[in-house]
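Q: here is a sequence with its predicted model. Questions after.
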Amino acid sequence: MLTYAIRRLLQLPIVLFVVSVVIVGLLQFLPPSSRAAAYVKSEQQLAHLDEIIKQYNLDAPFYVQYWTWLKNALHGNLGFSRVDKKPVLESIATRLPVSAELVLYAFLPTLLFSIWLGTLAAIHRDKFLDQLIRVMAVIFWSLPTFVLGIALVAVVYGYFKLFGIGRLPPELYIQLSQQEAAGQFHFYTGLLTLDGLLNGRLDVTLAALKHLVLPTITLVLVLGAQIVRVMRSSMLDELGKDYVRTARAKGLPEKVVYYKHARRNALIPVITLAGLMFAFMLNGVVITETIFNLPGLGQWAANAALQLDQPSILGFALFTAFIVALANIAVDLLYALVDPRIRYE
Amino acid sequence: MAEATLLKPKRESFWRSRVWKRFRRNPLAIVGASIVLFFMLVAIFAPALTADRLGRNCLRDLGVSRTEAVKVLRNPLNPKFWQATLHPPPSCYKIPRKGYSPIPKPPSKKYPLGISGGGYDILYGLVWGSRSAFYVGILVISVALLIGIVIGGLTGYLGGWVDNTLMRFTDAVYAFPGLVLVMVAVTIFGRSLTVIMLAIAIVSWPTYARMLRGNILKVKAQDFVDAARALGAPPLRIFFKHVLPNSIGPLIILASLDIGSIVLSVAALSFLGLGPEVGFADWGQMVNFARRWIVGPPGEPLKYWYTWVWPGLAIALFVLGWNLLGDAVRDALDPRS
């Protein structure tokens, strides 16, 4: 198991290599001067594009260009983000906690909530409860993230004046940055809810939580609907199998049959989906962060795509590939934990 | 062999088949089919429905004057009606603007759904938006199916290392979040409807390739394929005459039901401002127009509700219709349920 995990982790650089070759390859469709813009940091440098082209070998053959790109990337130079006016790596570092906080709060509730509902629907197959859950699931599955998000902003935030938009109320944000400069507040993790606790500032944690409610609900509803559907059909599959009949024939109570026998097996396909979903949350995050004005990776990517800021988009794509590959490894390892029949040599 | 001695199995009529029976008895299937049918009718008759509010360029390209537009375009006996219905000029997909004021105007008699910021007629956008939704959905699905059939067919037919390599490649594309890939394409190739449609097709074929490969492997193992081989049919003939036709049918049906999710992806991109050019009748973009007006002025938070409710509802209903239909068809085709 451990050697398998290590071997899979060693494959990670290969995945990143392939993705980066594709990305740098796609960049070849652009003229060298546009590619050079990726490394421009200020107006003055625009006059010296030729030097940048020479410095980064941007008019050389593809393999030379890739080699130069790789050398720079390994030294942490992924280009300059025009949107943030910062190096790309720094942008990712400052924006990652915002997205991570959102995904963290959305992922577990989504999973637990939808496994519960999916099981419930399967147990009450074709009864009213099942019909209700199925219809709700298909409705939320069809609802575009941005429509749901906008509806929540307009009605819950606009009309009922509940919760908030952005990360924190502006006054609190300004106060915090002043206090950080004075050394009275430390951003240890970048996760505001956690930093608030670590600094003994409950008001910060509560304010941050209040601002996370609406985006979290959006993600949970849209993504949870898919898992409910998979969980229901997987549970129904298991309930039709022979071992379930055997368990019932032995006289086991229905609860034991459902939760100890069938559900454990029904979870296997859900794990695959959950792993994929974790990666796909990055998709959802692009839209949720744009609507709820959260300065995370998704909002950065959306703005970067609008302004044709290639280095930012490529950095985002590379980061996404990394997360997707990690999530896939996690799924494979979880399989072995859940299903003892699976052995990795 | 004489023609008369050949015993042919009787073809089961579709209307009496189990599949159709199962489908017909599912109330959600009827709801889904009705929604899709409604949007289809709106899309087909978009020119007639909006004859009273067509834009200047659209009328010019159709060769119809504004005064006679309603009479001509709503009369099925007039050749112009068929020209507009079957092949409207591209200028008709542009939403005509009533002034350039950035402030939305509430529903009125002439504009029953209101006017969005920038003077865009919401009713016109919704009606022609359903037409562009079908246009985009059908085109993207066709390209994705084509790629999926070529790759799935190659892996299924050749097997061995080709199968292995191509399937690993397919898995890689499948696992990557589509939106991110499309954003990369937009930043490199620029923003246009063609780029977006191609990019979405390029991220959505893996499902079809996998499905076709699975079907081919199943069909290949059946007796009639062995029989064909025993009769001395060459491998290519076996593949194209026996295996492929038997594995491709359900794939095409299931793929066509994905139109809803394709339209959803395009709408999400348009909402971000990465979609077709500004003014193109597209629901996602209309929600984007509304972004500044989600929360109204103090005291009237829901003042501009019509700017986002109508296009949002259109997208949600369209996708819901396709998803309900898709679920019902999958259930009906699945003999286990």
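A: That came through fine.

Q: so who does B:Lys303 touch?
A: B:Trp293, B:Gly296, B:Pro297 (C-beta atoms under 8 Å, 6 or more residues apart in numbering or on different chains). Where C-beta positions appear, they are placed from N, C-alpha and C, glycine not excepted.

Q: and what of B:Arg56?
A: Shown in contact with B:Arg56 (C-beta under 8 Å, 6+ apart): B:Pro96.

Q: what separation do you get for it and B:Ala48?
A: 18 Å (C-beta to C-beta, to the nearest Å).

Q: sorry, back to before: by neighbours, which of the contacts of B:Lys303 wins?
A: B:Trp293 (20 neighbours; other C-beta atoms under 10 Å in any protein chain shown).

Q: which one is it nearest to, not counting chain neighbours?
A: Using C-beta to C-beta, 6 or more residues apart in numbering or on different chains and skipping the chain neighbours, the partner closest in space to B:Trp293 is B:Tyr304 (3.8 Å).

Q: in this structure the one you found contacts B:Pro102, no?
A: No: using C-beta atoms under 8 Å, B:Tyr304 is not in contact with B:Pro102, being 11.5 Å away.

Q: how many residues are close by B:Gly153?
A: 20.

Q: read off the pLDDT value for A:Ala38.
A: Looking at A:Ala38, its pLDDT is 69.

Q: tabulate the contacts of B:Lys303 (JSON lines), appending distance to B:Thr165.
A: JSON lines is the format used below for the contacts of B:Lys303 (distance: C-beta to C-beta, whole Å):
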{"residue": "B:Trp293", "distance to B:Thr165": "51"}
{"residue": "B:Gly296", "distance to B:Thr165": "56"}
{"residue": "B:Pro297", "distance to B:Thr165": "60"}
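
Q: so which of those comes closest to chain A?
A: B:Gly296 (7.0 Å; C-beta to the nearest C-beta).

Q: chain A contacts on the stretch 101-250 of chain B?
A: With C-beta under 8 Å from any C-beta of the partner chain as the criterion, the stretch 101-250 of chain B meets chain A at residues B:172, B:175-181, B:183-190.

Q: of the residues you listed, which is the most crowded?
A: Highest neighbour count within those, by other C-beta under 10 Å: B:Leu179, with 28 neighbours.

Q: need the contact list for that one.
A: A:Asn283, A:Val286, B:Ser265, B:Ala268, B:Leu269.

Q: redo that, cut-off 6 Å
A: A:Asn283, A:Val286 (C-beta atoms under 6 Å, 6 or more residues apart in numbering or on different chains).

Q: angles on the backbone of it, please.
A: phi -60, psi -40 (degrees, to the nearest 10).

Q: how far away is it from B:Lys110?
A: 38 Å.

Q: ranges for the strands of the chain?
A: I went with chain A, as the question did not name one. A:80-81, A:86-87 (DSSP state E).

Q: chain B, not that one
A: B:115-116, B:120-121.

Q: can you pick out the most distant pair from the residues of the stretch 101-250 of chain B next to chain A?
A: B:Ala175 and B:Gly190 (26.9 Å; C-beta to C-beta).

Q: just give the number of residues close to residue 147.
A: I went with chain A, as the question did not name one. Neighbour tally, A:Val147, other C-beta under 10 Å: 29.

Q: that's the wrong chain, I wanted chain B
A: Other residues within reach of B:Ile147, judged by other C-beta under 10 Å, total 16.

Q: that one reaches B:Trp205, doesn't it?
A: Yes: using C-beta atoms under 6 Å, B:Ile147 is in contact with B:Trp205, at 4.0 Å.

Q: who's in contact with residue 73?
A: You didn't pick a chain, so chain A it is. Taking C-beta under 6 Å, 6+ apart, one finds nothing in contact with A:Ala73.

Q: the intended chain is chain B.
A: B:Leu73 neighbours (C-beta under 6 Å, 6+ apart): B:Pro47, B:Ala48, B:Ala51, B:Phe81, B:Ala84.

Q: could you redo the last one with a cut-off of 7 Å?
A: B:Leu73 makes contact with B:Pro47, B:Ala48, B:Ala51, B:Val64, B:Lys80, B:Phe81, B:Ala84, according to C-beta atoms under 7 Å, 6 or more residues apart in numbering or on different chains.

Q: for the chain, what are the low-confidence residue spans?
A: You didn't say which chain, so I picked chain A. Residues of chain A that meet the criterion pLDDT under 70 lie in A:1, A:38, A:42-44, A:46, A:342-345.

Q: that answer is for a different chain, and I need it for chain B
A: In chain B, residues with pLDDT under 70: B:1-6, B:335-337.

Q: excluding sequence neighbours, find me the nearest residue to the spatially most central residue of it.
A: By C-alpha atoms, centre = their mean, the mean C-alpha position of chain B lies nearest to B:Gly137, the distance being 2.3 Å. Nearest residue to B:Gly137, sequence neighbours excluded (C-beta to C-beta, 6+ apart): B:Ile259, at 3.5 Å.

Q: and the one you found, how close does it get to B:Val140?
A: Counting by C-beta to C-beta, the gap from B:Ile259 to B:Val140 is 8 Å.
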